[in-house]
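Participant: predicted model and sequence below, questions to follow.
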Amino acid sequence: MSAVIPVVKDVEFDHPVEGSACETRHAWARVPPEPAPAERAALKARIRDLLKARNAVMVSHYYVHPDLQDLAEETGGLVSDSLEMARFGRDHPAQTLVVSGVRFMGETSKILSPHKRVLMPDLDATCSLDLGCPADEFSAFCDAHPDRTVVVYANTSAAVKARADWLVTSSCAIEIVRALHEKGHKILWAPDRHLGSYIQRETGADMVFWNGSCIVHDEFKAFELEALKREHPAAKVLVHPESPADVVALADAVGSTSGILKAAREMDATEFIVATDNGMMHKLRTLNPGKMFYEAPTAGNSATCKSCAHCPWMAMNGLADVARVLETGANEIFVDPALGERARLPIDRMLAFTAAIKDGRPAGALVPNIGAA
Ligand code: 13P
Ligand code: SF4
């Protein structure tokens, strides 16, 4: 086993305060050392055996280490976006889910499958959107807007979800908010300000916003992106909607992580500039071997980037911890059952809505008119 100590990084994030301001707060992330080749092969073999022995399945996000993406797929698990991770974990017969991603992903899995054991490689892997939206402060914001339907992004704690009417991920947010808007709902949106304003521009909904942001996507820069576009005039620009509006405005396609993958596969181009976490490059490149992918710039020449296009919390997931939690049952996610039951409501609504879209059924029928129960 490697005796190398993980590097602990200081991470700055935005915490909304009175009015529309934000203050900078600090969190930390612990990045595990990269195993040497022999150790890496041994860990992979051990994880394969343990998955079978423990009736467990791996569910990984596109931003985690390529080893955890590949191993999930090779062992019958899943690598995908946060929506499909939630659905897969709920529907898979395995009684243990090993969720590689950030904490809200493990919590969502547990809420949807309270009888299953949900393990995560590192329980301290968080998200700036979750950190920047504490349940008590969010609850006061909701109390101040009692006439609004509360729509929250998946990147939140169980307690924030428990205060919501609807949950969305970036792959279904527009459809759900549009359906609510068409039924007369005014929206309270949290926590990502950029995703919220993108949804508002797309749907015309009446929305008030929590002022949170993703430390990775908030750093993409439009001015530098324009310069990169000039260097690669044939390249199409793919942008995750957690990015600032001026970056989104330069996009040829805007989408969730799976939306970005779909666009790269289907668009008639061989070069792409990608504004999302660079963990995506693994899947983009392996699924599109003839195409070129460039990372969108995160900062100007003289500036320093906070995240440098890779989420420090997603980077906390490593092979050694996957093996360890499978071996010992450590790092289990627990959600208070009563809280989980309440938080499940908006998640179930989202999953029913997106299942209806998938099956070609009228999803809008699942949204009540304003005033209806
Ligand atoms: P997706 O839902 O697009 O996978 O995004 C999750 C996330 O954390 C993006 O930063
Ligand atoms: Fe949160 Fe951003 Fe990391 Fe996604 S990439 S988990 S939104 S901090």
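Facilitator: Everything's here; your move. Ligands and ions are numbered 1, 2, ... in the order given.

Participant: nearest to ligand 2: which residue in the stretch 51-200 of the chain?
Facilitator: Cys127 (3.1 Å; CB to the nearest ligand atom). For every residue, glycine as well, the C-beta is placed using N, CA and C.

Participant: wait, doesn't that residue sit right on Ser157?
Facilitator: No - under the criterion of CB atoms under 8 Å, Cys127 makes no contact with Ser157, lying 9.6 Å away.

Participant: higher neighbour count, these two?
Facilitator: Cys127 (28 against 23; other CB atoms under 10 Å).

Participant: return the residues of the stretch 51-200 of the chain in contact with ligand 1.
Facilitator: Proximity of the stretch 51-200 of the chain to ligand 1 is confined to 81-83, 155, 169-171 under the rule CB under 6 Å from any ligand atom.

Participant: circling back: common neighbours of Cys127 and Ser157, please.
Facilitator: Phe104 (CB atoms under 8 Å, 6 or more residues apart in numbering).

Participant: identify the residues contacting Pro297.
Facilitator: 220-221, 224-225, 227-228.

Participant: right, I mislabeled it, should have said Arg30
Facilitator: 6-9, 122, 124, 316.

Participant: in a helix, it, correct?
Facilitator: No - secondary structure of Arg30 (DSSP: H, G, I helix; E, B strand; the rest coil): strand, not part of a helix.

Participant: in CSV, list the contacts of Pro297 along with pLDDT and secondary structure.
Facilitator: Putting those into CSV (pLDDT from 0 to 100; DSSP: H, G, I helix; E, B strand; the rest coil) gives the following:
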residue, pLDDT, secondary structure
Phe220, 95, coil
Lys221, 94, coil
Glu224, 93, helix
Leu225, 95, helix
Ala227, 95, helix
Leu228, 95, helix
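
Participant: may I ask which two of the residues you listed are separated the most?
Facilitator: Phe220 and Ala227 (12.9 Å; CB to CB).

Participant: what residues does the protein put near ligand 2?
Facilitator: So far as CB under 6 Å from any ligand atom goes, the chain lies against ligand 2 at 102, 127-129, 155, 214-216, 242, 277, 311, 313-314.

Participant: can I get the residues you listed in a markdown table including pLDDT and secondary structure?
Facilitator: Shown next, in a markdown table, are the residues of the chain next to ligand 2 (pLDDT from 0 to 100; three-state DSSP):
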| residue | pLDDT | secondary structure |
| --- | --- | --- |
| Val102 | 98 | coil |
| Cys127 | 98 | coil |
| Ser128 | 97 | helix |
| Leu129 | 98 | helix |
| Asn155 | 98 | coil |
| Cys214 | 97 | coil |
| Ile215 | 95 | coil |
| Val216 | 95 | coil |
| Glu242 | 98 | coil |
| Asp277 | 97 | coil |
| Cys311 | 96 | coil |
| Trp313 | 97 | coil |
| Met314 | 98 | helix |
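
Participant: now, among the residues you listed, which is nearest to Ala36?
Facilitator: Nearest member of these to Ala36, counting by CB to CB, is Met314, at 22.2 Å.

Participant: the closest one touches Arg103, doesn't it?
Facilitator: No - using CB under 8 Å, Met314 makes no contact with Arg103, being 11.1 Å away.

Participant: list residues touching both of the two?
Facilitator: What both Met314 and Arg103 touch, as defined by CB under 8 Å, 6+ apart, is the set Ala125.

Participant: where are the low-confidence patches of this structure?
Facilitator: 1-4, 19, 300-304, 306, 372-373 (pLDDT under 70).

Participant: how about the strands in it?
Facilitator: Ranges of strands in the chain, per DSSP state E, are 7-16, 22-31, 56-61, 78-80, 96-100, 117-119, 149-153, 166-168, 187-190, 207-209, 236-239, 253-254, 271-275, 292-295.

Participant: of all those strands, which one is nearest Gly340?
Facilitator: Closest among the strands of the chain, using CB to CB: strand 117-119, at 11.3 Å.

Participant: that closest one packs against which elements?
Facilitator: strand 96-100, helix 103-112 (3 or more CB pairs under 8 Å, 6 or more residues apart in numbering; DSSP states H and E).

Participant: for these, which one sits closest to Pro289?
Facilitator: Closest of the helices and strands packed on strand 117-119 to Pro289 is strand 96-100, at 24.5 Å (criterion: CB to CB).

Participant: wait, His232 touches Val274, no?
Facilitator: No - contact criterion CB under 8 Å: His232 and Val274 do not qualify, at 11.6 Å.

Participant: these two: which has the busier surroundings?
Facilitator: Set His232 next to Val274 and count neighbours by other CB under 10 Å: Val274 wins out with 24 against 14.

Participant: measure the residue nearest to Leu119 when sequence neighbours are not counted to ligand 1 for me?
Facilitator: Excluding the flanking residues, the one nearest Leu119 by CB to CB, 6 or more residues apart in numbering is Val325, at 4.3 Å. When distance is defined by CB to the nearest ligand atom, to the nearest Å, Val325 is 21 Å away from ligand 1.

Participant: and Glu73, by the same measure?
Facilitator: In terms of CB to the nearest ligand atom, Glu73 sits 16 Å off from ligand 1.

Participant: quick check, that residue in contact with Val79.
Facilitator: Yes - contact criterion CB under 8 Å: Glu73 and Val79 qualify, at 5.7 Å.

Participant: neighbour count for the two, which is higher?
Facilitator: The neighbour count for Glu73 versus Val79, taken as other CB under 10 Å, is higher for Val79 (26 against 14).
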